[in-house]
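Participant: sequence plus predicted model, see below.
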Amino acid sequence: MADGGGQHPICAVTGKRIYKRHQAAAKAVGKMQKTARGAAASPNSIYQCDHCGRWHLTSYSPQLTRAIQHDRRERKKTSRKRRRQST
């Protein structure tokens, strides 16, 4: 985690701001949606990062964010099974 010089550190892998708690990230999304009315890339949801384990904001819809997270978890499980079977 690198410090972004602001209030929130930056994830070294994704380059996104890190929110330590789900609640803080959710609050940030709400605040940005109020101020960014109609902006193309305003945050719509939050997700827990696979790399740093903290929370990030994304412009993807909550449904798409959940689907992506689910897919990543399933790929990780499959990858672990393959590694175990090859040893």
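Facilitator: Good, I have the coordinates.

Participant: any regions of this protein where pLDDT drops low?
Facilitator: In the predicted model, the chain carries pLDDT under 70 at residues 1-6, 37-41, 87.

Participant: quick one: the helices in it?
Facilitator: Along the chain, counting by DSSP state H, helices occupy 22-35, 62-86.

Participant: tell me the angle of the longest one relative to helix 22-35?
Facilitator: On the basis of axes from the mean of the first three to the mean of the last three CA atoms, to 10 degrees, helix 62-86 is oriented at 140 degrees to helix 22-35.

Participant: first to last residue in stretch 16-27, what's the distance?
Facilitator: 16 Å (CA to CA, to the nearest Å).

Participant: what's the spacing between the nearest residue to I68 once chain neighbours are set aside and Y47?
Facilitator: Take I68 and drop its neighbours on the chain: the residue closest to it by CB to CB, 6 or more residues apart in numbering is Y60, 7.1 Å away. C-beta: built from backbone N, CA, C; applies to glycine. For Y60, the distance to Y47 equals 8 Å [CB to CB, to the nearest Å].

Participant: who touches both of the two?
Facilitator: Jointly contacting Y60 and Y47 under the rule CB atoms under 8 Å, 6 or more residues apart in numbering are I68.

Participant: burial measure for T14, as a count.
Facilitator: 14 (other CB atoms under 10 Å).

Participant: who are the contact partners of the residue nearest to K20 when sequence neighbours are not counted?
Facilitator: Nearest residue to K20, sequence neighbours excluded (CB to CB, 6+ apart): R54, at 5.9 Å. By CB under 8 Å, 6+ apart, the contact set of R54 is C11, I18, Y19, K20, Q48.

Participant: dump the residue contacts of the second one.
Facilitator: Think I18. Counted by CB under 8 Å, 6+ apart, I18 has contacts M1, H8, P9, I10, C11, C49, C52, R54, W55, H56.
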